[in-house]
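>>> I would like the atomic coordinates for the input below:
(one chain, ligands or ions: 1)
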Amino acid sequence: MQVEVSRRKFLQGTVAMSVVGSTALSVTNLLGNEHESHGVAKSVTTKTGTGEATEVATLCEMCVNKCAAIARVENGVVTKLNPNPMFPKSKNMLCPRGNAGIQALYDPDRLKSPMIRIGKKGEGKFKKVTWEEAYEAILNGTDKFTGMAKILDEEKDNRSAFLFCAGEGMAEHTFKTFYSAFGSSNWLNHASLCLQTVISGYGVTIGGYASADLENAEYIIMAGANRAEAIVTPDTMDIFKRTKGRGAKLICIDPRFTNTAAKSDKWLAINPGTDLAFVLALTYVVITEELYNKEYVAENFNGFEEYKKSVIDNKYTPEWAEKITAIKAKDIYKIARDFMAHAPKAVYYPGRRSTFSNNDFQLRRAMAIFQGLGGGIDTKGGLVFGKKLKLGKHAGLEPLYERAEARAVEKIKHPEKGHSGYSDCAVVSGGGSWIGWRNRFLEDRMPYKVRGMFVYKHNPMMNMPNRAKTAKMLEKMELVVTIDTMPSDTVMYADVVLPEATYLERTDPVKTFGGIEPSIAQRNKVVEPMFETKPVMAIMKGLTEKISKPIFEITKKYDEDVQDEITDSSEAEVYAEFDLTKPFEHSQEKVNEEMVKSVYGEEAVKTLKEHGVFYPNMEKYYTSISVNEHQYYPEKEKYYSVNGGKPKTKNKKVECNIPNLSTKGVDPMPIWRESYNFKVPDGKFRLLTGRHAQFTQSGTSNNAMLRDLIMENYIWINRRVANKKSIKFGDMIEVSSRVGKTRLKAYPTEKVGPNTVFFVHGFGEESEALTWAYKNGGNDNAVIEDIIEPVYGAASMHETNVEIRKV
Ligand code: SF4
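Sure thing, here's the model as predicted:
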């Protein structure tokens with residue numbers, strides 16, 4: 001990235017406190033007086049080796065889990081992050097990434113001031129500007145890009161001419177408030193690149209994406225979830241800390257020999273994308289051998305007889321599944337029998353990550369039904385819905401824009417019977433289909449013009465399959481505004497860059513965390529925002545103060561109802577309904593206070609500031625048993641069951657057969673189709689991606705502390721295949737598919753089969769402004785094809801075949 005000021009000058013005042021190995025980087029002025037700490041929550045004052053320190057309770061943002069942390073602050077500098085034992089979700093755990101969160105704050109490459117583009121799109125040439133100049137550029141553009149006012153005027157106040165998209169985060173809600181008030185119908189979030197089919201599959205089948213009570217389960221099938229490396233709290237802790245000792249069995253189903261596989265009682269390598277066949281065969285055994293909980297099924301299932309008939313008539317036997325999955329029939333028989341012997345204290349782990357394959361929605365339905373056959377729903381040791389503590393409401397603003405077009409989806413004019421009526425997928429969910437949307441935009445298949453976009457804490461250049469197309473989309477947009485902490489690959493395509501404060505510099509919306517031991521937690525500001533960065537609430541306040549009135553003038557020009565209302569009352573009264581500044585008039589701290597105080601009183605507000613965590617009776621219930629054991633709720637107060645052991649669907653039944661799905665062209669029951677078979681043409685390999693325990697996708701790619709643990713990603717190639725191709729450890733490999741190429745080093749291993757290759761997602765950024773992440777390995781989304789899962793339009797991440805060659 002180039003900025004008008006020289007890089008050296010630009011970094012002046014940087015608090016570069018990172019430690020790379022044993023080399024401390026230069027510290028310009030750790031005690032800079034520009035970082036006074038008023039308004040920062042303080043809990044405890046302790047003595048440390050270096051002097052007085054305060055401790056502030058906060059929540060980690062190094063991944064999506066939001067573990068509770070306590071930041072130690074000495075003279076305005078965060079010197080250590082420790083786990084906060086009081087949060088039931090993270091149970092006194094802070095993983096390596098959480099510990100390295102300090103570097104997110106002190107990363108010298110951080111975005112430090114607002115910038116506007118002065119070079120070609122994607123070139124990374126920016127000019128440092130004031131916040132006012134940045135807001136002005138968004139509203140009125142520059143000689144390089146079109147402003148919002150011109151776009152809205154030319155589109156006759158169609159607010160949907162702007163797309164809003166966001167990654168996961170506690171402040172996503174604040175940004176979404178801006179989107180709602182602005183009045184666009186085009187919202188895309190991370191769901192279709194992540195959990196969409198899992199949540200929806202479980203949602204329609206048992207009424208919710210339930211958690212697994214791994215602490216009490218006796219038998220666990222973990223398929224496609226690598227909890228030892230893709231950390232999710234409290235599951236990761238419960239599974240490795242609390243199962244083995246008491247004899248619980250862990251069965252790992254994965255095409256790769258992962259660290260989870262290494263820790264399990266049995267690992268079964270499965271062909272990618274064939275888990276549905278495995279579950280159908282388990283179901284076949286349980287039904288034909290009548291191992292299921294008959295009473296539970298009779299009382300709590302809808303459509304069981306039809307499903308039973310389908311499973312039997314289709315002959316989904318273990319022998320049938322063996323040919324598809326590569327898992328031996330005898331293992332399938334044994335797992336089915338063992339699972340039911342332990343049910344209801346048996347869990348088919350729902351998984352928590354991207355959509356793997358085109359049959360993912362049906363896979364999750366089949367898993368949820370199988371779980372129900374043992375009665376392990378809403379019960380101790382099974383899948384649990386848990387309780388969610390209430391929070392007060394914060395009033396938003398959702399004015400009606402007469403001329404805002406409906407969501408940009410492509411409808412088919414005369415759909416055949418049994419077709420959803422949409423071109424990309426059967427159901428258009430709240431988070432949309434990112435790939436579908438992008439591709440329609442590029443192919444001019446939009447029902448109206450979308451010309452600008454706002455991107456919050458999101459890096460589609462790294463996170464969405466077919467990177468080349470994402471670059472084209474960003475190039476084609478006339479106005480791209482990004483709000484981020486780091487100069488990511490997506491930021492390089494921005495017209496206006498708004499630097500957000502990191503999670504240690506802001507208070508985020510208070511959040512309720514449901515579960516067996518529910519609680520409310522708050523990310524408290526630890527230190528004041530550095531440089532010219534701001535929390536998103538303040539960014540939204542400044543932006544809306546700038547744009548609200550001018551764009552209301554455009555609404556007035558085109559909206560006849562508004563014109564009539566002004567004639568009937570007054571302009572000031574009508575404007576009040578369209579005043580975009582309203583949702584952002586109070587600070588986040590104030591909003592949080594109201595949301596908590598209105599339900600739990602003043603004490604709860606204080607507790608959240610001091611401890612970061614609150615739940616009713618916490619002072620009575622919470623006990624530290626030992627350093628690593630804590631009681632949050634007494635056993636009899638835990639919410640193992642909140643629905644009388646029943647599913648949470650509308651009918652309180654496990655929905656095996658949903659005829660309504662067939663009206664959208666979706667199988668009403670999970671069945672296997674020929675097209676789901678695992679096939680890899682000769683000379684090609686199925687590309688698998690995954691996570692690493694010391695690295696969270698592209699979000700932590702520039703973290704110098706974590707880079708010490710994993711500097712770059714390597715491609716796993718089956719050792720025999722590698723030998724045949726004379727590929728040795730560390731050789732540079734080019735991986736190519738129909739959509740692109742990437743390069744990374746080889747890791748020959750027996751841990752992956754001969755027709756698959758694997759590498760960790762999130763590496764290989766191309767933003768030169770990222771000192772450590774720049775080209776640090778291969779980017780999976782440069783080669784993953786944009787294959788759309790047919791039900792919710794999610795990205796099917798494991799359907800791409802690639803070629804490899806030594807270079
Ligand atoms: S799992 Fe690790 S990175 Fe994620 S929130 Fe918890 S401590 Fe932070």
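>>> pLDDT wise, what is Thr50 at?
Looking at Thr50, its pLDDT is 61.
>>> contacting residues around the closest residue to the ligand within the stretch 651-800 of the chain?
Per CB to the nearest ligand atom, Thr696 is where the stretch 651-800 of the chain lies closest to the ligand, at 6.1 Å. (Glycine included, C-beta is placed from N, CA and C.) Residues counted as contacts of Thr696 (CB atoms under 8 Å, 6 or more residues apart in numbering) are 62-63, 97, 762.
>>> point me to the residue of the chain nearest the ligand.
For the chain and the ligand, the shortest gap (CB to the nearest ligand atom) falls at Gly98, measuring 2.5 Å.
>>> ok, that residue - contacts?
Contacts of Gly98 by CB under 8 Å, 6+ apart are 60, 62, 67, 69, 81, 83.
>>> my read: the first one touches Thr502, true?
Translated: Cys60. No - using CB atoms under 8 Å, Cys60 is not in contact with Thr502; the gap is 11.5 Å.
>>> and those two? Which one has more around it.
Between Cys60 and Thr502, counted using other CB atoms under 10 Å, the more crowded position is Cys60 (28 against 24).
>>> which residue comes closest to Glu172 once chain neighbours are left out?
Among residues not flanking Glu172 along the chain, Ala166 sits closest, at 4.8 Å (CB to CB, 6 or more residues apart in numbering).
>>> identify the farthest-apart pair in the contacts of Gly98.
Maximum pairwise distance in the contacts of Gly98, criterion CB to CB, is 12.8 Å, between Met62 and Pro83.
>>> which of the two has more neighbours?
A direct count of neighbours by other CB under 10 Å for Met62 and Pro83 places Met62 higher, at 26 against 20.
>>> what residues are up against the residue nearest the centre of the chain?
The residue lying closest to the centre of the chain (CA atoms, centre = their mean) is Glu168, at 4.8 Å. With contacts defined as CB under 8 Å, 6+ apart, Glu168 is in contact with 64, 189-190, 194, 457.
>>> any idea how far it is from Asp786?
As defined by CB to CB, to the nearest Å, Glu168 lies at a distance of 21 Å from Asp786.
>>> could you measure Phe385 against Pro518, distance?
Applying CB to CB, the value for Phe385 to Pro518 is 11 Å.
>>> now Ile435: closest residue in space that isn't a chain neighbour?
Nearest residue to Ile435, sequence neighbours excluded (CB to CB, 6+ apart): Asp786, at 4.8 Å.
>>> my read: that neighbour touches Lys469, true?
Yes - counting by CB under 8 Å, Asp786 touches Lys469, with 6.4 Å between them.
>>> so which residues on this protein come close to the ligand?
60, 62-63, 65-67, 90, 94-95, 97-98, 231, 233 (CB under 6 Å from any ligand atom).
>>> these in helices, which ones?
Of these, the ones assigned to helices by DSSP state H are 97-98.
>>> can you put the residues of the chain next to the ligand in JSON lines and add distance to Lys315?
Formatted as JSON lines, the residues of the chain next to the ligand follow (distance: CB to CB, whole Å):
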{"residue": "Cys60", "distance to Lys315": "49"}
{"residue": "Met62", "distance to Lys315": "48"}
{"residue": "Cys63", "distance to Lys315": "43"}
{"residue": "Asn65", "distance to Lys315": "42"}
{"residue": "Lys66", "distance to Lys315": "46"}
{"residue": "Cys67", "distance to Lys315": "47"}
{"residue": "Ser90", "distance to Lys315": "46"}
{"residue": "Leu94", "distance to Lys315": "50"}
{"residue": "Cys95", "distance to Lys315": "45"}
{"residue": "Arg97", "distance to Lys315": "46"}
{"residue": "Gly98", "distance to Lys315": "49"}
{"residue": "Ile231", "distance to Lys315": "40"}
{"residue": "Thr233", "distance to Lys315": "42"}
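>>> which of the residues of the chain next to the ligand are buried?
60, 62-63, 65-67, 90, 94-95, 97-98, 231, 233 (16 or more other CB atoms under 10 Å).
>>> run through the chain and note the low-pLDDT ranges.
Residue ranges of the chain with pLDDT under 70: 1-51.
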